[in-house]
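[1] Kindly generate the corresponding structure for this input.
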Amino acid sequence: MKLVQREHERVRLEEEHRAREEAMDKVIENRGKELREEGAARDASAEESATLPTCVMTSVEVSPPSNLLSPKADATREAADASYEKMSRASSYSFASIATTRSGAVGPQPALPHLSKQHPPGTHRRGASPVADAGEFSTKSDAPVESMASNRMGGVNRSAPTTTTTGATSAAAALAGESRPQQQSQTAPPSSQVVPPPRGSIIASAPAVLEPKQPWHRCPTVVVYEIPLRCRRTTNEEGREVIDDADFPVRIHSKTLRVTDPETKLVSEFPHDELVIHRKNSTNVASQLLDKVRDVVIAGYTASVLSLDSKGLAKPTSAFDSAAWMAKQRLVLNLVASVEKMQTIYAKNGGLSSNNSSIEVCVSIALVKKVSAEKATEWKVTDPAMQQRTFEVIDLLKPEPAVAQLRMRTSMLSGSRLDGVQYKPVGNEAEFNTLLTGAQSSANVVLGRLADAAAVAPDNAALMAENDSVLEVLTCIVRHHKEGAVALADQIKEAPRDVFARGNAADVISSDDEDDDARVLDSFNAHNGPSNCSDTVVSCLTCIGARQNADVWGAALERKEEVAPLALFTTAFGGPAYTVIIASVDPTSREAAATLSMQVGMTIKLHRRPTNGSARRLIQSSKYQAGAAQKELDRPVRPSGSEQRELKTTIRKSAATLESLEKALADGG
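    As a prediction, the model looks like this:
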């Protein structure tokens, strides 16, 4: 019921935001028409006067982010347009002034950019997935808002109105507990200040310091539809597979699942990005979205896969064996195979040259749960103010399951991951299968003991809470070292002013700024191009399963630290990471509605898009910011006192970032 109310509130806010955007579009369109008419009038006047060529200086303001040094351009309209497009893509350039030469008539006026309909790369379309075609949501503004189609409203009865809307979701923000950046106003400049630039050359403006942005994305979803053995699968005239789900409470309908309540006959619809048909007892679960997760991790970015199962689909004393975990197992196997292939190529080339590049993947498998009452007393964490310390991690890769207090290790390259557990290198698929089989055996022993204790004392709330709090966690760390002529240590020693003087776009723009989501693999691989500089790229894949207790994810959304280990979800559920949510449902049971409703609630939470795991990129971008700030401080006209403090803070942060990076690289990333 609470999710339905939040959904109605979200729809109302989206309608209001769409109305504002339409009004803004009309204002911009009218203003563009006025400017074109003024330009035509000036052309006619210029033809009549036929005066000698004069040089006119006009000042143009285009709502600049005013972040970086504007590039130079040739004195042609095509070059000016190309430079403007480049500035829009980087979201980090601005016009300072435009010099134009006019001889009689002015050339054709370039059209003003449409501020809401187009999404040039770098404007951070919040709500789009960082993988192409991973979702159908898109956004129009610079604030973290979501564009949802009418068939994307999950958990709402069909009797409720459904409209295609775009807007901010304040209810989702309250649900996710996130503080979002304020939406930037997109208003047309006054007519007295704007003159559309004719052909001419762009004069570079003074550099400004880049302000960090927080790009966001919506979690794409995968539903594993577990059909029973008796279910028939046929092929229709179009060659598509058809499931005989006529008698199921959960039925497939286009991009949604419809759940019918047998008592009230009400039908609820739940959206999804990908539907995977899985027959019970089958071990093959293939997902295209999870293949894209593998590509993201291989490219050097952090990702996470969160799962929940409908009740009755998994045995209470059997770990890592649900259909959702089979899908995640296939993901890790594909990841290991890709790393093995790359390492084979490196090893072959290393025998012929001095190429010392390498790539490896290390795996950790563990359980996370609440501590027992005896353990809480032993660890002295019974105080309500110490709720986050009442969770423990059980390392399943040791000969005997080892219990330790839950701790997280944070890396500036790969985010947060479990600490105090073993990360074993895996060279091929067979090694991973061996590790997983041993971990399953150890986990089953732990789950069996918990189930026995809960069965003996069914009225013991503490035992029941401990049994329901179990989370299955699998973590993969990918370290990719690229050998080059310039070592990382030498790159760290390079003076910031030298990096700034180069003004290389690859050193300036972070991976989140350089492109939108339409060409994600191009932008994600920007640091993987040829270079004579060494680099270490660290990425992390975290897979977390809540078994049949979906309430854990509800507690994580509402930030109930007494129920959910919020520290575990620092990066995996909130970012920066590319997150996919998997739900395995039983179509023969109407209880699947609760699982699907929770999955929809989890997608409402916006995630920060994954950051670049490249050490070289972090070094260059940090030094560029420090160099830009120092250049501002060294200008003949000194900045104001507040501006000087901000610039000096930028320089100090850059130095602290590089110091932390050196420590992280010494510890393996």
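
[2] Please tell me how far S621 sits from P496.
    Counting by Cβ to Cβ, to the nearest Å, the gap between S621 and P496 amounts to 11 Å. In short, each C-beta sits where N, CA and C put it, glycine included.

[3] And for E269?
    Taking Cβ to Cβ as the measure, E269 and P496 are separated by 54 Å.

[4] Mind listing the residues bridging to V393?
    V368, A404 (DSSP bridges).

[5] which residues sit in contact with it?
    Residues in contact with V393, defined by Cβ atoms under 8 Å, 6 or more residues apart in numbering, are 366-368, 403-407, 418, 420-421, 473.

[6] same question for the strand or helix carrying R36, mean pLDDT?
    If you go by DSSP states H and E, R36 is part of helix 2-49. In this model, helix 2-49 has an average pLDDT of 74.

[7] For the closest residue in space to K315 that isn't next to it in sequence, grab the count of nearby residues.
    Taking Cβ to Cβ, 6 or more residues apart in numbering, and ignoring the residues beside it in sequence, K315 has D321 as its nearest neighbour in space, at 7.2 Å. For D321, the tally of surrounding residues (other Cβ atoms under 10 Å) stands at 17.

[8] same question, S310
    Residues near S310, counting by other Cβ under 10 Å, number 26.

[9] Go ahead and report the secondary structure state at R559.
    When the structure is split into helix, strand and coil by DSSP: H, G, I helix; E, B strand; the rest coil, R559 lands in coil.

[10] Wait, it touches A567, no?
    No. The pair formed by R559 and A567 falls short of the contact definition of Cβ atoms under 8 Å, at 11.6 Å.

[11] Neighbour count for these two, which is higher?
    Comparing R559 with A567 by neighbour count (other Cβ under 10 Å), the higher total belongs to A567, at 16 against 13.

[12] gap between the more buried one and R417?
    A567 sits 11 Å away from R417, taking Cβ to Cβ as the criterion.

[13] which residues are common contacts for these two?
    Listed as contacting both A567 and R417 by Cβ under 8 Å, 6+ apart are M408.

[14] other SSEs contacting the helix holding R36?
    With contacts taken as 3 or more Cβ pairs under 8 Å, 6 or more residues apart in numbering; DSSP states H and E, helix 2-49 sits against strand 146-148, strand 156-157, strand 165-167, helix 170-176, helix 592-604.

[15] which residues in the stretch 451-600 of the chain form strands?
    Under the criterion DSSP state E, counting those that start in this stretch, the stretch 451-600 of the chain contains strands at 471-482, 535-545, 578-585.

[16] Would you reformat those as CSV and include mean pLDDT, mean neighbour count and distance to A303?
    Putting those into CSV (pLDDT from 0 to 100; neighbours: other Cβ atoms under 10 Å; distance: least, Cβ to Cβ, whole Å) gives the following:
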stretch, mean pLDDT, mean neighbour count, distance to A303
strand 471-482, 93, 23, 9
strand 535-545, 92, 25, 5
strand 578-585, 91, 28, 4
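
[17] now the ones you listed as JSON lines including distance to D245?
    Putting those into JSON lines (distance: least, Cβ to Cβ, whole Å) gives the following:
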{"stretch": "strand 471-482", "distance to D245": "29"}
{"stretch": "strand 535-545", "distance to D245": "26"}
{"stretch": "strand 578-585", "distance to D245": "12"}
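
[18] Nearest to L647, out of these?
    strand 535-545 (28.6 Å; Cβ to Cβ).

[19] So which elements touch the closest one?
    Packed on strand 535-545, when contacts are counted by 3+ Cβ pairs under 8 Å, 6+ apart, are helix 288-298, strand 303-309, helix 323-350, strand 415-419, strand 471-482, helix 569-572, helix 615-633.

[20] got the angle for it vs helix 615-633?
    With axes from the mean of the first three to the mean of the last three Cα atoms, to 10 degrees defining the directions, strand 535-545 sits at 110 degrees from helix 615-633.

[21] how about strand 535-545 as CSV, C-alpha atoms only?
    In CSV, the C-alpha atoms belonging to strand 535-545 read as follows (Å, rounded to 0.1, in the frame of the first residue of the first chain):
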residue,chain,number,x,y,z
ASP,A,535,48.1,2.4,-15.8
THR,A,536,46.4,0.2,-13.2
VAL,A,537,42.7,-0.2,-13.6
VAL,A,538,40.7,-1.8,-10.7
SER,A,539,37.1,-2.7,-10.9
CYS,A,540,34.8,-4.6,-8.6
LEU,A,541,31.7,-6.8,-9.1
THR,A,542,29.6,-7.4,-6.0
CYS,A,543,26.7,-9.9,-6.1
ILE,A,544,24.4,-9.9,-3.1
GLY,A,545,21.4,-12.2,-2.6
